[in-house]
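When you get a sec, could you give me coordinates for this:
(chains A and B)
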There are 2 protein chains.
Amino acid sequence: MSATVDKRRVTAAALVIGDEILSGRTQDVNLSAIAKYLALHGVDLVEARVVADDRADIVAAVNALRSRYDYVVTTGGIGPTHDDITADCVAEAFGVALVEDPQIVAEMTVRYGGEEPNAARRRMARIPEGGSKVKNPVSGPPGFQIGNVFVLAGVPRVAQGMLEDIGWRLKGGAVVLSRTVRVVGVPEGMIAAPLEQVARAHPDLSLGSYPFYGPAGFGANLVVRGRDAAAVEAAVGVLVETLAAAGIAAVRQEEG
Amino acid sequence: MSATVDKRRVTAAALVIGDEILSGRTQDVNLSAIAKYLALHGVDLVEARVVADDRADIVAAVNALRSRYDYVVTTGGIGPTHDDITADCVAEAFGVALVEDPQIVAEMTVRYGGEEPNAARRRMARIPEGGSKVKNPVSGPPGFQIGNVFVLAGVPRVAQGMLEDIGWRLKGGAVVLSRTVRVVGVPEGMIAAPLEQVARAHPDLSLGSYPFYGPAGFGANLVVRGRDAAAVEAAVGVLVETLAAAGIAAVRQEEG
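Next up is the predicted model:
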């Protein structure tokens, strides 16, 4: 439902780069961090892709996503080793050269106690022509922005640090508000009809049902999302009443 | 590096469906479970996409991925509520009807103590024409397979249960073996040159570096992957020796 056309909607895609995610070796956590960060800035994450450390795949994905969405955020593949090819691929996607930035080299030299960075580390000093740096408050070498594409590290702590330097560059839309109503002990199959009734009566809002099962019981979180705070609040009220009329108790959750 | 052309390679894509993943509300864990399960069956997960509960986006992704890879595994969007549209979209992608399966309805009736399922639950009894059921050992209603596409639930426990019923349907290639060598207290920038030297000498294998930072220290896990066990073992030996020659101690990790 989130893809409802909305002229106030600003969109983004995430591109997670790395064999280690696709082999199942590493659990990606950057996607949800990016989603939450963008949402705070009024940008909807509409699609995400995960690709391997493969040149053709990365170039194709960058070009597909940057033409389709307002912004693209990539993570991974900007370290010093031979399998870190994201900068090369983004430069290729934009058809520009990848150029060593003397200031990054100078900062590295300071960082390594006056020793010039070796060839491997110098790979991390390269920025596509026309790009600008994205600060890395954690481990030194920056990410970069070129056009509508932001290129961040893959290590979650570093990726999250770099995210803080992209917010001011985003021209976001209206922020999406989200409210949750929790139903415990009632199967989703019983909730579906009243939920759909409320969803149909509120075409400008997104209503979703997210079931849970666990040792503490089962049920569903019903989420109402939209850009108009009053409309979201009103729909939550209608939803609770409609469920009550169907004999289903729903509890509003406090939001952060 | 994993996209090296290999005639013994059988490929797959994962398609994670759901607004809740893209809003950052829910942390996806199905992707890594799918990756590991497919790897055990000799199938490489080569790409993953996450799309919203949006009809056009789901249909487009299913068609893009099923034509490109040997298999596609989807998760999410097969519950009873109005936002569960995956079955509809997969049927549309294949250009076939979505048909209620009387056996699923009968099983539901037994499950609900003899009561016929309501309209919402009957949504979960629909299978695209020509499809076959994928057993759900956890919560009842099945997933399904049509062509090279497997459609699983989104709730992780259910998705993982359903995965167990797809292995026998996969025509896998040679299983990829993975061995890890761990370097502690040495920055990746110092590891890069010896690692690349070994990678260049072993073009049939994939060598990757996955840095870590944490309270216990920093370093990198160097992963050697390939289909030929003897070649992987030999390369691990060469890697440890090459690192040692550069003054870097590396410890082989036990693999599960």
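
so where do the strands sit in the stretch 51-200 of chain A?
Ranges of strands in the stretch 51-200 of chain A, per DSSP state E, counting those that start in this stretch, are A:71-75, A:98-100, A:126-128, A:132-134, A:143-146, A:149-152, A:177-184.

Not counting residues beside it along the chain, what's closest to A:Ser132?
The shortest distance from A:Ser132 to any non-neighbouring residue, by C-beta to C-beta, 6 or more residues apart in numbering or on different chains, is to A:Gln145 (5.1 Å). Heads up, the C-betas are built off the backbone N, CA and C, glycines and all.

Show the contacting residues for that neighbour.
Going by C-beta atoms under 8 Å, 6 or more residues apart in numbering or on different chains, A:Gln145 touches A:131-134, A:151, A:166, A:169.

Show me just the buried residues among those.
A:131, A:133-134, A:151, A:166 (16 or more other C-beta atoms under 10 Å in any protein chain shown).

Closest one of those residues to B:Val73?
A:Val151 (28.6 Å; C-beta to C-beta).

in the sheet, who's paired with the closest one?
Judged by DSSP bridges, the bridge partners of A:Val151 are A:Thr74, A:Phe144.

Just the C-alpha atoms of stretch A:89-109, please, in CSV.
Listed next in CSV are the C-alpha coordinates belonging to stretch A:89-109 (Å, rounded to 0.1, in the frame of the first residue of the first chain):
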residue,chain,number,x,y,z
CYS,A,89,31.3,0.6,-10.1
VAL,A,90,29.6,3.8,-9.2
ALA,A,91,32.1,5.8,-11.2
GLU,A,92,31.4,3.5,-14.1
ALA,A,93,27.7,3.8,-13.7
PHE,A,94,28.0,7.6,-13.9
GLY,A,95,30.6,7.4,-16.7
VAL,A,96,33.1,9.4,-14.8
ALA,A,97,36.7,8.9,-13.6
LEU,A,98,37.6,7.7,-10.1
VAL,A,99,40.1,10.2,-8.8
GLU,A,100,42.3,10.2,-5.7
ASP,A,101,41.5,13.0,-3.3
PRO,A,102,44.7,14.5,-1.9
GLN,A,103,42.9,15.7,1.2
ILE,A,104,41.8,12.1,2.1
VAL,A,105,45.4,10.9,1.5
ALA,A,106,46.7,13.7,3.8
GLU,A,107,44.1,12.8,6.5
MET,A,108,45.1,9.1,6.2
THR,A,109,48.8,10.1,6.6
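
Wondering if that stretch reaches chain B at all.
No. Stretch A:89-109 lies apart from chain B when judged by C-beta under 8 Å from any C-beta of the partner chain; the minimum separation is 8.8 Å.

quick one: buried residues of that stretch?
Using 16+ other C-beta under 10 Å as the test for burial, stretch A:89-109 gives A:89-94, A:96, A:98, A:101, A:104-105, A:107-108.

Repeat that for stretch A:164-183.
A:165-166, A:170, A:172-173, A:176-183.

Present the residues you listed as JSON lines; the columns should include pLDDT and distance to B:Gly42.
Shown next, in JSON lines, are these (pLDDT from 0 to 100; distance: C-beta to C-beta, whole Å):
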{"residue": "A:Asp165", "pLDDT": "95", "distance to B:Gly42": "42"}
{"residue": "A:Ile166", "pLDDT": "96", "distance to B:Gly42": "40"}
{"residue": "A:Leu170", "pLDDT": "96", "distance to B:Gly42": "43"}
{"residue": "A:Gly172", "pLDDT": "89", "distance to B:Gly42": "45"}
{"residue": "A:Gly173", "pLDDT": "87", "distance to B:Gly42": "45"}
{"residue": "A:Val176", "pLDDT": "88", "distance to B:Gly42": "42"}
{"residue": "A:Leu177", "pLDDT": "90", "distance to B:Gly42": "46"}
{"residue": "A:Ser178", "pLDDT": "91", "distance to B:Gly42": "41"}
{"residue": "A:Arg179", "pLDDT": "94", "distance to B:Gly42": "46"}
{"residue": "A:Thr180", "pLDDT": "94", "distance to B:Gly42": "42"}
{"residue": "A:Val181", "pLDDT": "95", "distance to B:Gly42": "45"}
{"residue": "A:Arg182", "pLDDT": "95", "distance to B:Gly42": "42"}
{"residue": "A:Val183", "pLDDT": "96", "distance to B:Gly42": "42"}
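
Just give me how far stretch A:58-77 sits from the chain centre.
Put simply, stretch A:58-77 sits 12 Å off its chain's centre (C-alpha atoms, centre = their mean, to the nearest Å).

Just to be sure, A:Phe218 is in a helix?
No. The assignment for A:Phe218, made by DSSP: H, G, I helix; E, B strand; the rest coil, is strand rather than a helix.

quick one: it and A:Asp84, what's the gap?
Separation of A:Phe218 from A:Asp84 (C-beta to C-beta, to the nearest Å) stands at 44 Å.

Within range of chain B, give me the residues from the stretch 101-250 of chain A.
A:117-121, A:123-124, A:138-139, A:155, A:157-158, A:176, A:178, A:188-193, A:195-196, A:199-200, A:206-213, A:223, A:225.

from memory A:Trp41 sits against A:Gly167, does it?
For residue A:41 the amino acid is His, not Trp. Yes. Contact criterion C-beta atoms under 8 Å: A:His41 and A:Gly167 qualify, at 5.3 Å.

Which parts of chain A are helices?
A:19-22, A:30-40, A:55-68, A:86-94, A:102-111, A:119-122, A:156-163, A:188-201, A:229-245 (DSSP state H).

right, so the ones you listed: which one is the most enclosed?
The highest mean neighbour count among the helices of chain A, using mean count of other C-beta atoms under 10 Å in any protein chain shown, belongs to helix A:19-22: a mean of 26.

now it, how far from the chain's geometric center?
18 Å.

Distance check, the residue of the stretch 151-256 of chain A found nearest chain B against A:Ile248.
Closest to chain B within the stretch 151-256 of chain A is A:Ala192: 3.1 Å, counting by C-beta to the nearest C-beta. Separation of A:Ala192 from A:Ile248 (C-beta to C-beta): 11 Å.

Need the residues touching each of those two.
Counting by C-beta under 8 Å, 6+ apart, A:Ala192 and A:Ile248 have no shared contacts at all.

circling back: so which of the strands of the stretch 51-200 of chain A gets nearest B:Leu243?
Closest to B:Leu243 of the strands of the stretch 51-200 of chain A is strand A:126-128 (C-beta to C-beta; 25.2 Å).

For the closest one, list every residue counted as buried.
A:126-128.

I'd like the residues you listed written out as JSON lines, with pLDDT added.
Shown next, in JSON lines, are the buried residues of strand A:126-128 (pLDDT from 0 to 100):
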{"residue": "A:Arg126", "pLDDT": "97"}
{"residue": "A:Ile127", "pLDDT": "97"}
{"residue": "A:Pro128", "pLDDT": "98"}
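
So which of those is the closest to chain B?
A:Arg126 (13.8 Å).

List the contacts of the closest residue to that closest one other than its chain neighbours.
Sequence neighbours aside, A:Leu98 is the residue nearest to A:Arg126 in space, at 4.7 Å (criterion: C-beta to C-beta, 6+ apart). When contacts are counted by C-beta under 8 Å, 6+ apart, A:Leu98 is found next to A:87-88, A:91, A:126-129.

With A:Ile58 instead?
A:Ile58 neighbours (C-beta under 8 Å, 6+ apart): A:15, A:17, A:51, A:77, A:85-86, A:89-90, A:93.

Name the nearest of the buried ones among the contacts of A:Gln145 relative to B:Ala234.
Closest to B:Ala234, out of all of the buried ones among the contacts of A:Gln145 and judged by C-beta to C-beta, is A:Val151, at 35.5 Å.
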